[in-house]
Structures are given as C-alpha cells and as structure tokens.
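>>> Give me the fold of what follows.
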Amino acid sequence: MVEQHTIYQIPLDERHGSAGQLFTLWFGANLNVLTVVTGALATTIFHQSFLAGVIAILVGNLTGTVFMALHAAQGPRLGVPQMVQSRGQFGARGAGFVVALVAFMYLGYAGTAFVTGGQSLHFILPVLDPEAAMVGIATLSLAGAIWGHDLIHFCTRMMTYVSGSALLLCYLWLLFITPLPGHLLTQGSFSAVGFFKMVSMGALWQLGYAPYVSDYSRYLPPESGPRQAFWACYWGTAAGGVLPMVLGAMIGPAVIGGNVITAIAHLVGPVSWWITLLLAPGVAVAGAICLYGGSLAIITLGHTLAPRWRVTHRARIALASGLFLLALLISMAGASNFLALYSRFNELLLYLLVPWTAVNLIDYYLIRYGDYHVPSFFAADGGVYGNYNVTALACYLVGILVQIPFVAVDFYTGPLARVIGGVDLSWVAGIAVVAPLYYFAMRSLQRPLLPERGT
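Down below sits the predicted model:
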C-alpha cells in the first residue's frame, strides 16, 4: 500500500518497528556505487596514498556520524520529518531557507545517484545506451519513492544482504584471489590539504543524512528510545559508509574518466558482471531515498508559504515525479565531468549544512531537552515558535560567515586557510563557533520561554 502520510505527525497507533531496523536501513542505504565513488576521491581528486586516504575516511565518517545519529534520535519522540522539526528552532518561515537548501541537496544527490546507477546498468546490459540506463535506474527510484517509507525500509534491509555480498566478493577478490597490483596502493602521498579534504568529504557524507534521518525514525514508537535509535543509526551508517569508501580509495588510481564501474570491471575481471549486478539496485534505493525526502522537503516549503494547505500523499507523488525529471536532466548534463562536479557539490553543501546542524542539535538537546509543541509546527502563525527566530537565523548566518576565511576550494582560498597551507577546516570552525554562540544567546535572551530540564 502506498504511504498515506506526508509531513504531519505520525499517530501513535500507527507507529511500528524497532530501533534495530535503523541499522539495516542506513547500512543498506550506504552500500552502493556512489559511496565507492566518494571514497575514490581520496586517491583521485585529492591524490592521497591509500593509507592516508583510509585514515581520512575513518576520521571523517566516525566524526560526522555522531551528528547524524543525534538527529535520528529525534524522530521517535516527535514523529515528524526533520525539516518540519526545524521550525522549532528557526520559526515557521525562518526555516524556509534551510528547507529550500535541503530540497536542492536532494536534487543534486538524486542526479549523482542516477549517473552511477546508469553506469552500472549500462555495464550489465550493454545494449542500453548510457542515457537509457540512467532512465531505467531513475524509474526504479521513482517507484520506491512513490510507495514510500515502508518499502524503502524493506529495500535497504535487502541491500544489506545483496549489496553486502557484492562488497564482500569484491574485497575477497582484490585481496586474495587476484590481488591488486602493488603500484595502485603506493601511488599518491600524504598532504594535509588532500587529507583534510577527504576528512571533510567523509564528514559531509554523514552530515548529508542529518536533514532527513528523522524521516525514517518518525514511525518508531516513542518507547523505542532515543539511545537505541542513536546507536543503531551510528553503527549502521558508519560501517555502511566506511567499507565502500575504503574500497573506493583502493581502486581509485585505476579510475579513468570518473567511471568507477569500469575500474571495478578491470580489476575483478570474471566476477565484475555479478558484482555490478548486486551493487546496482543499491543506487536505485539511494535515488528513492532522495526523491522521497526531497518531496517531503518541498511539501514543507510549500506548507510554509501556504500554511492552510492540507497536503495529501498525491502531492507527495506529484512532487517526487517532478524531482525525478529534474534530477534526470542534471544527471545527463553532468555525466561527462562527474567526479569533479560531485566534489564541488559536496563542498558547497558542507558550508551551508554545518550551521544548521549545530543550531538544531544544541536547541534539541541543551535548550529544550526534546520538549517541543508539535501542533505549533503546523500553525499558520508558527504557534509558540512564531514565524522567525532571529537568534537562530543570526547564528546560522554567523556560522556561514565564520567559515569563509577557512574555505579552501579550487576557485577560492580564504586567508586563514592560506596560513595553514590550504587546509580546509571551515566545517570545524562553523560548529565550534555556532554551537556555543547559539546556546548562550538562547539562554540569555529567551530564558523565560524555555523549558527547564525535567519539566
């Protein structure tokens, strides 16, 4: 049955599942070619040695997953999508910019999923040209997004076994059956710039889930517990991110023209068709997650502009279909320069998402202790949160501005980044400044409006 709910709070009598299901959701969701592509950035775009790349992948993923899992723990308690919950920090209209940013993020991620999925399907069925293969993968993604929450949970659970088998076979082949040529693991070298860029990519991979991780925990019963939800998400997405990324770093030097599938085929030879076949569905599932979450984000934005709009599942289906078409156009236009475009897209998102996650987590855990008035999220006037929280918006803006001196990308290097040799530590600066700034500003300026612990 097609999911009937959209952005509204899930009724208690329709809550189901257990926190343990979040492990397979995020583990399975990560086991796809796009994750391998992200790991390949370490030894291609960032020119790191294999060892330096692996360490950067571990540091970035294990750090970024902390923030992602903290967001996941909010779902069972509040029962609403993450972007709706952001109205509790920024106000009903104030959250609009962040919601629009997240909708754009979904669009970009869906496009990149269609590129890698199309490459996979074209390799499995050479009779299909690359564009037709992209359409095939994108259509599967749209079907999953239309069906909604429960089907996505089921598919990611299946990917834990299906794509997990492909990943295991790939490792066994490259390590024991036909070992990788030694020169592939010794190319590149450590550089602080490349190392921290890969740390940032790993952290962003996990932070990228933060705006929608509660979308998949909001159906859980409140008694399933935030602690259980945190750890299930943490270990599921950390393991699911690290294992394919390390494989990507391993095969990175063999990648030509940004096509990871061709590199895998070259290295694993006789089993490449089977490995690609087992990995390809995971990309379609990743695309479904993007289209589903993107439709919820656009609905949230539309509801902000027209708060009396009563949104049905038909609107979600129509918006997911529109995103499908736009993402497909993006994937076809950017396929020829995929790796470089993907790297720049991730960097841009990092700068804009970091201040949001800092505000959201400080507000939830240290200011309001998870105590939100959910009906106000849907009130035409913003309810107890109003239309704008100037404090949150100011801290968000400061979070963007404070990162600029630390930015180091190919078209701009900030003055502080130049001082430290071109290392990009912007996201660290953003969190370090925004978190305490927002905490003390809210406590000093709005204390009478805030709940005390235990109330």
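>>> how distant is the helix or strand hosting residue 251 from the center of its chain?
In this assignment (DSSP states H and E), residue 251 forms part of helix 226-251. Chain-centre distance of helix 226-251: 12 Å, with CA atoms, centre = their mean, to the nearest Å.
>>> How many neighbouring residues does residue 68 have?
26 (other CB atoms under 10 Å). Quick note: C-beta positions are derived from backbone N, CA and C, even for glycine.
>>> list the contacts for it?
206-207, 209-210, 213, 233-234, 237 (CB atoms under 8 Å, 6 or more residues apart in numbering).
>>> Please, a ChimeraX command that selects the buried ones among these?
Command for ChimeraX, covering only those of the contacts of residue 68 found buried under the criterion 16 or more other CB atoms under 10 Å:
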select :206,207,209,210,213,233,234,237
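>>> want to throw the contacts of residue 68 into a markdown table with distance to residue 144?
Below are the contacts of residue 68 laid out as a markdown table (distance: CB to CB, whole Å):
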| residue | distance to residue 144 |
| --- | --- |
| 206 | 22 |
| 207 | 23 |
| 209 | 17 |
| 210 | 21 |
| 213 | 18 |
| 233 | 20 |
| 234 | 25 |
| 237 | 19 |
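>>> Residue 312: which of the contacts of residue 68 is nearest?
residue 213 (24.4 Å; CB to CB).
>>> distance of the closest one from residue 363?
16 Å (CB to CB, to the nearest Å).
>>> that older thread, any idea which helix or strand comes after the helix holding residue 251?
Counting by DSSP H and E, what follows helix 226-251 is helix 260-268.
>>> Next, the angle from that following helix to helix 226-251.
70 degrees (axes from the mean of the first three to the mean of the last three CA atoms, to 10 degrees).
>>> average pLDDT for helix 260-268?
Averaging the model's pLDDT scores along helix 260-268 yields 81.
>>> can you pull out the strands in this structure?
Ranges of strands in the chain, per DSSP state E, are 408-409, 412-413.
>>> Export the ones you listed as a markdown table, with columns for mean neighbour count and mean pLDDT.
Converted to a markdown table, these look like this (neighbours: other CB atoms under 10 Å; pLDDT from 0 to 100):
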| stretch | mean neighbour count | mean pLDDT |
| --- | --- | --- |
| strand 408-409 | 20 | 82 |
| strand 412-413 | 12 | 86 |
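>>> Nearest to residue 166 among these would be which one?
Comparing the strands of the chain by CB to CB, strand 408-409 comes nearest, at 33.3 Å.
>>> Put together TSV for the strands of the chain, with distance to residue 86 on each row.
Listed next are the strands of the chain as TSV, based on distance: least, CB to CB, whole Å:
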stretch	distance to residue 86
strand 408-409	27
strand 412-413	28
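>>> In this structure residue 113 contacts residue 34, no?
Yes. In this structure, residue 113 is within contact of residue 34 by CB atoms under 8 Å, at 5.6 Å.
>>> Identify the contacts common to those two.
With CB under 8 Å, 6+ apart, residue 113 and residue 34 have common neighbours 283, 286.
>>> if we can go back for a sec, pull out the buried positions in the helix holding residue 251.
Buried-residue list, helix 226-251, by 16+ other CB under 10 Å: 226, 228-251.
>>> so where do the helices sit in the stretch 51-200 of the chain?
Taking DSSP state H, counting those that start in this stretch, the helices of the stretch 51-200 of the chain run over residues 75-78, 82-85, 87-90, 96-124, 130-147, 149-172, 182-186, 192-207.
>>> Could you say which of these is packed most deeply?
Ranked by mean neighbour count, the helices of the stretch 51-200 of the chain are led by helix 87-90 with a mean of 29 (mean count of other CB atoms under 10 Å).
>>> any weak-confidence spans in the protein?
183-184, 256-258, 334-343, 346, 446-455 (pLDDT under 70).
>>> Check it for its longest helix and report it.
Across the chain, the helix with the greatest residue count (assigned by DSSP state H) is helix 272-305.
>>> Would you indicate which residues of it are buried?
272, 275-304.
>>> what does stretch 11-29 give?
Under 16+ other CB under 10 Å, the buried positions of stretch 11-29 are 15, 17, 19, 21-29.
>>> For it, output the C-alpha coordinates as PDB.
The C-alpha trace of stretch 11-29 is given here as PDB (Å, rounded to 0.1, in the frame of the first residue of the first chain):
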ATOM      1  CA  PRO A  11      -0.300   9.000  15.100                       C
ATOM      2  CA  LEU A  12       0.700   6.700  18.000                       C
ATOM      3  CA  ASP A  13      -1.500   3.900  16.900                       C
ATOM      4  CA  GLU A  14       0.400   3.800  13.500                       C
ATOM      5  CA  ARG A  15       3.900   3.700  15.000                       C
ATOM      6  CA  HIS A  16       5.700   0.400  14.300                       C
ATOM      7  CA  GLY A  17       9.100  -1.200  14.100                       C
ATOM      8  CA  SER A  18      12.100  -1.200  16.400                       C
ATOM      9  CA  ALA A  19      15.200   0.900  16.600                       C
ATOM     10  CA  GLY A  20      17.300  -2.100  15.400                       C
ATOM     11  CA  GLN A  21      15.700  -1.600  11.900                       C
ATOM     12  CA  LEU A  22      17.600   1.700  11.600                       C
ATOM     13  CA  PHE A  23      20.900  -0.300  11.500                       C
ATOM     14  CA  THR A  24      19.900  -2.100   8.300                       C
ATOM     15  CA  LEU A  25      18.300   1.000   6.800                       C
ATOM     16  CA  TRP A  26      21.500   3.000   7.000                       C
ATOM     17  CA  PHE A  27      23.900   0.200   6.400                       C
ATOM     18  CA  GLY A  28      22.000  -1.000   3.300                       C
ATOM     19  CA  ALA A  29      21.500   2.600   2.100                       C
END
